[in-house]
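>>> here is the input, now give the coordinates:
(chains A and B)
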Amino acid sequence: MSKKKKENKKDAGKKKKLQLAFYWAASCGGCEIAVLDIDEKILDVVAVADILFWPVALDFKYKDVEAMKDNTIDVCFFNGGIRNSEQEQIAKLLRKKSKVMVAFGACAVLGGIPGLANVTNKKEIFDVVYKDNPSLDNPKKIVPKTSVKVKEGTLTLPEFYDSVSRLDHVIDVDYYLPGCPPVPDLIMTAVGAIVEGKLPPKGSVIGPLKSVCDECRFEKSEKKIKEIKRIYELDKFEEKCLLEQGVICMGPATRGSCEARCLDANMPCTGCGGPTPNALDQGAKMISALASILGIEGEENMSDEEVEKLIEQVVDPVGTFYKYGLPSALINRRVDK
Amino acid sequence: MKDFEPNIIGFLCNWCSYAGADLAGTSRMKYPPNIKSIRVMCSGRVDPIFILEALKKGADGVLVAGCHPGDCHYQSGNYKTNRRIKLLKKFLEEMAVNPNRVRFEYVSASEGAKFATIVTEFVDELKKMGPNPLKDVKV
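Numbering: from 1, shown residues only, chains lettered A, B, ... in the order given. So this is what the prediction gives:
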C-alpha cells in the first residue's frame, strides 16, 4: 500500500482514476459492443476510469500487460470462454495483474454458445473446417499446428483445445455478469458498485435472484401442452405465456436481469442468464419443467408409445436446454471413447 | 473387466417401490448387493439433477422406481418422472452416455420378486456396458 502511495504522488491532488481492462476470448464480440451500449454513460465511465488494456478498441500489446506490476488493474472485464492456450494464458496473466476479475457475459460465466462445441472435439472440428468440407480447397490437407518450421524460423500458433471451458475453470473469478450480452443496466450497476466500492461478496452473480418469468410481460396460468411448436408454427400468436402456447421458453430455469427483452419481442427465452440461484444445472431444471407440463392432460391414459412420441418432439436437447451453458452443466462434454 | 462390480444408485418411492424392495428383503429373495437405495417420498421427487449428479460422481447406473400408473400416492408423480427420464435419456444420448444406464421401473409394494429381478438384470446389463466413462471426462 505504501508503495502505491508513492506512485500516486505524481498525480498529487488528483483523485486516482479507476484502472480498467477488457479482454475477449472465445466470444463473438457482442459483449464488447454491449460495453458501448451504455451510450453516453461511457463518458461517465471514462471520467472516473483509465483503460489500460482493450484489444478490440485500442492498440495494446500483451507485453504491455506483462510489464505491469501485479494488481495494477483495478477491474478486468473478461468476456468469452476458454477455447485455446492463448486465451488461457492471457486469462492467467490478467488475473495476476488485476485486483478484481469479472466474468463478463454468458461465455465467460457459463461457456456460452462456443461451449456447444463440447459435443465434439478438436479432431472432428478440424476435419470439418480444414479437410472434409465440400467448399474447401486444401488438397494437401493442411491443418494448423502449434509450431511449424519455415526458412525464416519457427512459427507458432496457440493450441486449440478439445473442449471449451468457462473462465472460472482456469482462473479465480470474483464476480459474474451474466447475459448474452449483459444488459446496459446491469453493466452500470456493476460499474457503479465498483466505483463506489460497494461490491457484493466475492463470487456473487451480479443480477436478481428471480427468474426471467418474474420480469416477463405475458400473463401466466396453469401450464399444459400437447405439442411443441416453434414461434413460426403458431397458428395465432396469443398474448400469454409462450410455454402455454407450446413454445419452449427457458424462462422458468433462467436467471432474470434482462427485463425479459426477448419476450418483449415475442421470442422465447433461450437461457443466456444462466441457472437460477441454487440450481446446479440449468438444462436439467428445464428438462424437468418441460416434461412435467408436456402431455399432462390425460396422462393417466397415455401409452408408453404415446409418451415416447411426445418426447420425440424435442429434437435437440443439448442445443435447446444448454444453449449457453454446456461447459457449466453436470455433464459438460460428450464422452469420447 | 471380469471383476467389475457396477455401482447403482436406486431412488425408490416410499409408498410402493421401497416397500417392494423391503419385501424382497424380508422374503429372503436373492439379488446382487450393487444397489444403494435412497428412499424418496415419490418418484416425482427425483429431479433430473439427482440422476446427472449420481452419474457425474461415478455411479454406473441409476434406477428410479415408482408406483404403477394409477397408483401414485400423490396422484401423478410417476407419470411426470416417466416423461422426465425419457427426455433426460435423449440428452444423455447426445452426450454419448449410454441412456440404458438410467432406468425407470414400476414396482409395487407387493412386487418384491420383480424388484429382485430388475436389480439382477440391471447389474448384468451394466457389467456388459462396463464402468461409467463419465468419471474420466474432463473439460
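
>>> stretch B:43-54: end-to-end distance?
Stretch B:43-54 stretches 16 Å from its first residue to its last (Cα to Cα, to the nearest Å).

>>> and it, does that touch chain A?
Yes. Shown here: stretch B:43-54 in contact with chain A (Cβ under 8 Å from any Cβ of the partner chain) through B:Asp47, B:Pro48, B:Ile49, B:Leu52, B:Glu53. To be clear about C-beta, it is placed using only N, CA and C from the backbone, and glycine gets the same treatment.

>>> which of those residues fall in strands?
In strands, defined here by DSSP state E, there are no members of the residues of stretch B:43-54 next to chain A.

>>> tell me which of those residues is nearest to A:Arg230?
Minimum separation from A:Arg230 among those (Cβ to Cβ) is found for B:Pro48, which lies at 23.4 Å.

>>> hey, where'd the helices end up in chain B?
Counting by DSSP state H, one finds helices in chain B at the ranges B:17-26, B:48-56, B:77-94, B:112-129.

>>> so who does the residue nearest the centre of chain B touch?
Compute the mean C-alpha point of chain B, and by Cα atoms, centre = their mean the closest residue is B:Leu63, 0.3 Å away. Applying Cβ atoms under 8 Å, 6 or more residues apart in numbering or on different chains to B:Leu63 gives the contacts B:Ile8, B:Ile9, B:Gly10, B:Phe11, B:Ile35, B:Arg103, B:Glu105, B:Ile118, B:Val119, B:Phe122.

>>> who wins for neighbours among these?
When neighbours are taken as other Cβ atoms under 10 Å in any protein chain shown, the top entry among the contacts of B:Leu63 is B:Gly10 (27 neighbours).

>>> where does pLDDT dip in chain B?
Along chain B, the parts satisfying pLDDT under 70 run over B:1-2.

>>> now do the same end-to-end measure for stretch A:228-243.
End-to-end distance (Cα to Cα), stretch A:228-243: 9 Å.

>>> skipping adjacent residues, who's closest to A:His310 in space?
Slight slip there: residue A:310 is Leu, not His. Spatially, and ignoring its direct neighbours in sequence, A:Leu310 is nearest to A:Gly295 (4.4 Å; Cβ to Cβ, 6 or more residues apart in numbering or on different chains).

>>> so which bits of chain B are right by chain A?
Counting by Cβ under 8 Å from any Cβ, chain B sits next to chain A at B:47-49, B:52-53, B:55-56, B:69-70, B:76, B:79-80, B:82-84, B:86-88, B:90-92, B:94-97, B:133-134, B:137-139.

>>> now A:Lys123: which helix or strand?
For A:Lys123, the element it lies in under DSSP states H and E is helix A:122-126.

>>> thinking again about what came up before, pull out the buried members of the residues of chain B next to chain A.
Neighbour-count burial (16 or more other Cβ atoms under 10 Å in any protein chain shown) applied to the residues of chain B next to chain A gives B:47-49, B:52-53, B:55-56, B:69, B:76, B:79-80, B:82-84, B:86-88, B:90-92, B:94-97, B:133-134, B:137, B:139.

>>> on that earlier part again, the helix holding A:Lys123 near chain B anywhere?
No. Contact between helix A:122-126 and chain B is absent, the nearest approach being 12.2 Å (criterion: Cβ under 8 Å from any Cβ).

>>> quick one: contacts of that helix?
The set of residues external to helix A:122-126 that reach it, using Cβ under 8 Å, 6+ apart, is A:Ala117, A:Val143, A:Pro144, A:Phe160, A:Tyr161, A:Asp162.

>>> just the ones of those in strands?
Among these, the residues falling in strands (DSSP E) are A:Phe160, A:Tyr161, A:Asp162.

>>> save the residues you listed as TSV, and put in pLDDT, distance to A:Ala265 and neighbour count too.
Output for the ones in strands among the contacts of helix A:122-126, formatted as TSV (pLDDT from 0 to 100; distance: Cβ to Cβ, whole Å; neighbours: other Cβ atoms under 10 Å in any protein chain shown):
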residue	pLDDT	distance to A:Ala265	neighbour count
A:Phe160	96	35	15
A:Tyr161	96	35	18
A:Asp162	95	36	16
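
>>> could you export the contacts of helix A:122-126 as TSV, including distance to chain B?
Rendered in TSV, the data for the contacts of helix A:122-126 read as follows (distance: Cβ to the nearest Cβ, whole Å):
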residue	distance to chain B
A:Ala117	11
A:Val143	23
A:Pro144	22
A:Phe160	14
A:Tyr161	9
A:Asp162	9
